[in-house]
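what would the 3D arrangement of this be:
(one chain, ligands or ions: 1)
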Amino acid sequence: MKLSHVIAVAALVLGAACLAITGFATVAVSSGNQTDGLPEGKGKAPFLRACVGCHEIEVATRSRYTEAGWRRMVDTMVERGAELSEPETADVVAYLAKNFGKTNVNQAAPAQLEEALGLTEKEAQAIVSYREQNGDIKTLDQLKGVPGVSPDKIQAKAAAIAFRD
Ligand code: HEC
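Reported below is the predicted structural model:
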């Protein structure tokens, strides 16, 4: 091989390497800039710190729970070794209940039903009256059948509805 060929090949290899490095750097920088997709909030920082050691963060956010359910879940994780102080535990529970929560339709106050399920004041009141007269609501169909409540609104929020804590 002539010297000029060797130099040309070397230049090509070097150029390709530079391109590859630039490419990697771009990917690294852009993924570093991407947000984590999680909502902001007071409990977010301790959540991201204490809840990633043993499993992916998705394991912690793939299911919804009521506030009581989250309290039990976070307590279990602290027993397993998640490092949270008492105030941080409360913040993380509040953060998860707000953003990955379920509303217990048999316990929630009218204002909570309105806000969490997108109901009118009248609809929320109808649910409260119904459960006072008939006891706990047990199924989604029963809830959809409460007189004066839009079944479509209930269906739209099905994943955020619980019937017990
Ligand atoms: C010391 C290890 C450890 C830490 C830290 C930890 N977890 Fe877990 N977590 C586990 C194990 C083990 C499981 C069960 C196996 C799995 O699903 O990966 C689990 C599962 C879960 C589940 C799924 C439960 C289910 O039944 O599907 C949730 C939700 C969860 N963790 C939330 C959290 C939260 C919130 C935190 C932070 C407060 C946290 N975890 C921190 C060990 C841990």
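
could you point out which element follows the lowest-mean-pLDDT helix or strand in the chain?
In the chain, the helix or strand scored least confidently by mean pLDDT, DSSP states H and E is helix 3-33, which has a mean of 52. Counting by DSSP states H and E, the next helix or strand C-terminal to helix 3-33 is helix 44-50.

and the following helix or strand past that next one, how far out from the chain's middle?
Downstream of helix 44-50, the next assigned helix or strand under DSSP H and E is helix 57-61. Averaged C-alpha coordinates place helix 57-61 at 7 Å from its chain's average position (CA atoms, centre = their mean, to the nearest Å).

list the buried ones in helix 57-61?
Residues of helix 57-61 classed as buried under the neighbour-count rule (16 or more other CB atoms under 10 Å) are residue 60. (C-beta placed from N, C-alpha, C; glycine too.)

ok, now which ones touch residue 102?
By CB atoms under 8 Å, 6 or more residues apart in numbering, the residues touching residue 102 are 64-66, 69, 159-162.

flag the shaky bits of the protein, pLDDT-wise.
Scanning the chain for pLDDT under 70 picks out the ranges 1-35.

which parts of it sit against the ligand?
Proximity of the chain to the ligand, by CB under 6 Å from any ligand atom, involves residues 50-51, 53-55, 59-60, 63, 73-74, 77, 80-82, 84, 92.
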